[in-house]
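take this sequence and fold it.
(chains A, B and C)
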Amino acid sequence: MEKQDFLYDFLILLQRLVAKQVKFQRLGNVKRVCAVDVAYKGNTGIAVAVCDGDEKEVHKVTGKVSFPYIPGLLFIREAPIMLKALEGTHPELLLVDGHGIAHPRRSGIATVLGVLLEVPTIGIAKSRLVGDIVEENGVKYLVIQGERVGVKQGKYYFSPGNLVTLEDVVQFSRSGYPELLREADKLSKEYRRELEP
DNA sequence: GCGACAG
DNA sequence: ATCTTGTCGC
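Here you go, the predicted model:
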């Protein structure tokens, strides 16, 4: 897909629509938390959703992922298979591998999933997409044009997806990289190995 | 035009 | 993300 394609422009319109639906509200005490990640074997995607709470739960889904990765448009490549893996899970908080509003249009994959599922989400990425680091009171904020859109903790970037506040995210980030996401990442790569070459 | 660019 | 060996450090 090229940048001059109609589809490219259309996807950006959808992201702007999603961004308008975001609500920032304080996150209450949550018991059930889920995390999603995707691994690949060629064009086959392996999405894993791990949930914690009363009982641990793991959902695995594999399927063809043909859309290429384009910076800023990760959601169209990974959100579909992630949604499939999240079917039946009912998280009170969802952790997503990727950015939330720390995005050119404030519409990263964690935001898209949070709006579609109407669930609180936090995006956690291993690298920066946009923004600058501005430290204040020991907190490294990710700032885009003067607006705080996330925080950097260690080598990871945390940003609100939907239905949480930046304060919630700052608090959450203090615990470091979530064990649940680490597990989803580990399991997806683990399932990948037992796929027919 | 040049540099940057989640997974 | 994935392809990949050894190497530096706790």
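
spell out which parts of chain A neighbour DNA strand B.
Chain A comes close to DNA strand B at residues A:37-38, A:69, A:71-75, A:78, A:97-99, A:103, A:108-110, A:123, A:125-130, as judged by CB under 7 Å from any atom of the strand. For the C-beta atoms, the positions are set from N, CA and C on the backbone; glycine is no exception.

and the residues you listed near DNA strand C, which?
A:38, A:69, A:97, A:126.

ok, residue A:97 - contacts?
Neighbour list for residue A:97: A:35, A:36, A:37, A:38, A:124, A:125, A:181, A:184, A:185 [criterion: CB atoms under 8 Å, 6 or more residues apart in numbering].

helix, strand or coil: sort out the last one for me.
This means residue A:185. Secondary structure for residue A:185, judged by DSSP: H, G, I helix; E, B strand; the rest coil, is helix.

what of the fourth one?
Here residue A:38 is recorded as strand under three-state DSSP.

just give me the neighbour total for the residue lying closest to residue A:140 once chain neighbours are set aside.
Excluding its sequence neighbours, the residue lying closest to residue A:140 (CB to CB, 6 or more residues apart in numbering) is residue A:152, at 4.2 Å. Neighbour count for residue A:152, taken as other CB atoms under 10 Å: 21.

check what pLDDT residue A:152 gets.
Residue A:152 is assigned a predicted lDDT (pLDDT) of 97.

now residue A:1
Model confidence at residue A:1, given as pLDDT, is 64.

also residue A:174?
Predicted confidence (pLDDT) for residue A:174: 97.

roughly how far does the nearest residue to it once chain neighbours are set aside sit from DNA strand B?
In this structure, residue A:174 finds its nearest non-sequential neighbour in residue A:153, 7.0 Å apart by CB to CB, 6+ apart. According to CB to the nearest atom of the strand, to the nearest Å, residue A:153 and DNA strand B sit 13 Å apart.

could you pull out the helices in chain A for me?
For chain A, applying DSSP state H gives helices covering A:6-21, A:74-85, A:109-117, A:166-173, A:179-193.

that's all I had, so thanks and see you.
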